[in-house]
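In: Coordinates only, no sequence provided:
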């Protein structure tokens, strides 16, 4: 599914985060979600600004709801499409 170096790096990063999340068994699933969300927001805010982070999270939520409505499996291409379409530009930093 990867088509370039950035996609491969993204896949590797995803796999590393997934492995860490799976290996951490002392936290509840909700605790893991909160920690991952917090990291995403904090790091995203630094690079994209809060408007950029909220825009991206909204797109991810909408894609996830669409996936849930249409099928039982997660379509990773939907998430990749969002990443490819998302270009916050310099004006998104607030």
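Out: Thanks, I have it. Fair warning: this is a prediction, and the values are worked out from it, not measured in the lab.

In: can you give me how far stretch 17-31 is from the chain middle?
Out: 16 Å (Cα atoms, centre = their mean, to the nearest Å).

In: Centre of the chain to the helix or strand hosting residue 65, how far?
Out: According to DSSP states H and E, residue 65 maps onto helix 29-70. Relative to its chain's centre, helix 29-70 lies at 6 Å (Cα atoms, centre = their mean).

In: Can you tell me the SS state at the residue of the chain lying at maximal distance from its centre?
Out: Going by Cα atoms, centre = their mean, the residue of the chain most distant from its centre is residue 26, 23.0 Å out. Secondary structure, DSSP: H, G, I helix; E, B strand; the rest coil: residue 26 is coil.

In: Pop out the phi and psi values for it.
Out: With angles defined as degrees, to the nearest 10, residue 26 sits at phi -90, psi 0.

In: residues contacting it?
Out: Contacts for residue 26 (Cβ atoms under 8 Å, 6 or more residues apart in numbering) come out as none. Placement of C-beta: from N, CA and C, glycine included.

In: So which other helices or strands are in contact with the helix holding residue 65?
Out: helix 5-23, helix 76-85 (3 or more Cβ pairs under 8 Å, 6 or more residues apart in numbering; DSSP states H and E).

In: weakest of those helices in terms of mean pLDDT?
Out: Note on the helices and strands packed on helix 29-70: helix 76-85 shows the lowest mean pLDDT, a mean of 67.
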